[in-house]
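Undergrad: Structure for this input, please:
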Amino acid sequence: MIKNRKRKKFFYILYILPFCLGTIGYCYYDHLSLTDAAFNSLLFYFLNNGNTPDNYMVEIARWTAPIVTASWILSFILTFHKIVHDLIARIGGRAVAVYGQTDDAKKILTQLGMRGIACGVDAISGVKKYILLGSEDDNLRWMISNNHMISDEISIFSRVSSLTQRKATGNLYLFNENEIAARLYWKERFLYPYVKENAYKYKIVFLNFNALSKELLKTALQMNIFSPKQILEYHVFGAYSEFKNIYHGINRIKDTVIYHDSEWHDHLDLLSNSDRIIICDDISLAMNVLFSISKIRIELLLNEPLFADTLDQRNRIDVYPYKATSMTPEHIINEDMLYHAKMINLAYANMYSGIEKNEKNLQAEWNKLNTFTKYSNISSADYHEMQRKMLEYDGYSIHQLKSDEKLADLYSNLEHIRWCRYHYLNNWEYGVPPDGKNKDIDKRIHKDLIDYEELTAEEKKKDLDNVLLMFSIDSDMNRN
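TA: Residues are numbered from 1 along each chain as shown. The predicted structure follows:
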């Protein structure tokens, strides 16, 4: 903000400089009156140069004033173009306003094309979607100052450094590019064929444990669920202590997370026998690993993969450009996944409270949820994409899923495992509340955090209904 004010002051000085130079030159050298000198200097802005001046100050003014005039005309054209552009975007009803003076904001606006509108400190009338890409403090200040403009029809997507313990109310959606990148990575890499071929055993190694690696691990535990009997191992090297203590509920998940105190080069046998080695934003580490161990491949996730093709042994590296992949309007807003998540919630509202299924209640019921429950539904919608790919890979149809009791029971079981893992990652545990209810949010206990086989038939049916609901939404969306 301060830089912008300084820049404006600088341009204001440049604008009046020819006028000042010309006036001084005419007064001092040509001995004109102040009014005549000022009038003659103003004419320079309109290309009325008059006679060739006989002093250098007027000469400079004569050449620089038309440049200032040209800049005014250009500024007017650009401003007019922006007004027309923003008007067209708002009339179409698909406008997305982007707030922030960051490179990411500029890239998102470019990707949005005619839909994108650069947003300042004030909300824009008629725009129903906002992406906030300033600092967390700036984003919060923007929301507070524009609170009077925000209604149920407006959706706000605000970037945060972490989703842990953040509160998202109403139509406020929080996102983090590392979390988006992690979800996209596991969907695109889709390990099911490899895990199944390997008798549902798989070993993944994280060789550096930065913010992206942590999101990759948390997301993997919720998405890489392929069989109730699978044995997946996640090995972690790096600064894990804080993560391990914060997410202590991971210990309740049957897939094993192993934290290593020693350095990776003390475990070359482990790396040689692993199925996937993941390195995030550390080319030097990748080169050392490839040099130390032959006949292995590594997954290298890079923010800026510009120089990846120049790396030695490039044929042994799978580069994943996570920033370019995740930071797009499509993945930030992610309308399909949000619609699935909201439909899950509305289905439960209809089942237990008799809420009518319609578009109005879809959003109204969603707004009633706390942040934890919202992201539980989002996690379910996310995992559904994996189940859909699994079903397609095995050659099954949705009709077979509905009619084959054994297959339906398997997918219900997997969804229950996902549901349990979401709770464990948020440090919930099994427990029966004294009031006889299913859960106690404050104590983080739930009576259904048990194995699928121990559930009642009614609870199993809920998991199956959830799975079938997701596939029915797919069918409806494909028809539309």
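Undergrad: Tell me where this protein has strands.
TA: Along the chain, counting by DSSP state E, strands occupy 96-99, 116-119, 129-132, 155-159, 172-175, 201-206, 231-237, 256-260, 276-280, 298-302, 317-321, 429-430, 439-440, 445-446.
Undergrad: Of the ones you listed, give the one that comes closest to K368.
TA: The closest of those to K368 is strand 172-175. By CB to CB, the value is 13.9 Å. Just so you know, the C-beta spots here come from the backbone N, C-alpha and C atoms, and that holds for glycine as well.
Undergrad: coming back round to it: what's the closest of the strands of the chain to N466?
TA: Comparing the strands of the chain by CB to CB, strand 445-446 comes nearest, at 15.8 Å.
Undergrad: Contacts for the closest one, please.
TA: Strand 445-446 has contacts (CB atoms under 8 Å, 6 or more residues apart in numbering) with H423, W428, E429, Y430, G431, V432, P433, N438, K439, D440.
Undergrad: Got a quick ChimeraX command for the buried subset of those?
TA: Buried residues among these (16 or more other CB atoms under 10 Å), as a ChimeraX selection:
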select :423,428,439,440
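Undergrad: Next, format the contacts of strand 445-446 as JSON lines and append pLDDT and distance to F206.
TA: Formatted as JSON lines, the contacts of strand 445-446 follow (pLDDT from 0 to 100; distance: CB to CB, whole Å):
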{"residue": "H423", "pLDDT": "97", "distance to F206": "23"}
{"residue": "W428", "pLDDT": "97", "distance to F206": "24"}
{"residue": "E429", "pLDDT": "97", "distance to F206": "25"}
{"residue": "Y430", "pLDDT": "96", "distance to F206": "28"}
{"residue": "G431", "pLDDT": "95", "distance to F206": "31"}
{"residue": "V432", "pLDDT": "93", "distance to F206": "36"}
{"residue": "P433", "pLDDT": "92", "distance to F206": "36"}
{"residue": "N438", "pLDDT": "89", "distance to F206": "35"}
{"residue": "K439", "pLDDT": "92", "distance to F206": "32"}
{"residue": "D440", "pLDDT": "93", "distance to F206": "34"}
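Undergrad: List just the nearest of the contacts of strand 445-446 to S274.
TA: Nearest to S274 among those, with distances taken as CB to CB, is H423, at 28.7 Å.
Undergrad: What's the separation between the closest one and I253?
TA: Separation of H423 from I253 (CB to CB, to the nearest Å): 10 Å.
Undergrad: What of I156?
TA: Relative to I253, and taking CB to CB, I156 is found at 33 Å.
Undergrad: Next: E233.
TA: 12 Å.
Undergrad: which residue ranges form the helices in the stretch 51-200 of the chain?
TA: Ranges of helices within the stretch 51-200 of the chain are 56-92, 103-112, 136-145, 177-189, 192-197, based on DSSP state H, counting those that start in this stretch.
Undergrad: which stretch in those helices has the least confidence?
TA: Lowest mean pLDDT within the helices of the stretch 51-200 of the chain: helix 56-92, at a mean of 74.
Undergrad: can you list the domains in the protein?
TA: 2-85, 93-159, 180-326, 334-479 (automatic domain parsing).
Undergrad: So for L174, which of those domains sits nearest?
TA: Of all the domains of the chain, domain 93-159 comes closest under CB to CB, at 5.7 Å.
Undergrad: mind checking how far the closest one is from the chain centre?
TA: With CA atoms, centre = their mean, to the nearest Å as the basis, domain 93-159 stands 14 Å off its chain's centre.
Undergrad: And for stretch 245-252?
TA: That offset, for stretch 245-252, works out to 25 Å (CA atoms, centre = their mean).
Undergrad: What of stretch 388-404?
TA: 30 Å.
Undergrad: Likewise for stretch 374-384?
TA: The mean C-alpha position of stretch 374-384 is separated from the chain mean by 15 Å, CA atoms, centre = their mean.
Undergrad: Restrict it to CA atoms and write it as PDB.
TA: Presented in PDB, the C-alpha positions along stretch 374-384 are these (Å, rounded to 0.1, in the frame of the first residue of the first chain):
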ATOM      1  CA  LYS A 374     -17.400 -29.500   6.400                       C
ATOM      2  CA  TYR A 375     -13.900 -30.800   5.800                       C
ATOM      3  CA  SER A 376     -15.000 -34.300   6.700                       C
ATOM      4  CA  ASN A 377     -17.500 -34.100   3.800                       C
ATOM      5  CA  ILE A 378     -14.800 -32.600   1.600                       C
ATOM      6  CA  SER A 379     -12.500 -35.500   2.500                       C
ATOM      7  CA  SER A 380     -15.300 -38.000   1.600                       C
ATOM      8  CA  ALA A 381     -15.900 -36.300  -1.800                       C
ATOM      9  CA  ASP A 382     -12.100 -36.300  -2.400                       C
ATOM     10  CA  TYR A 383     -11.800 -40.000  -1.700                       C
ATOM     11  CA  HIS A 384     -14.700 -40.700  -3.900                       C
END
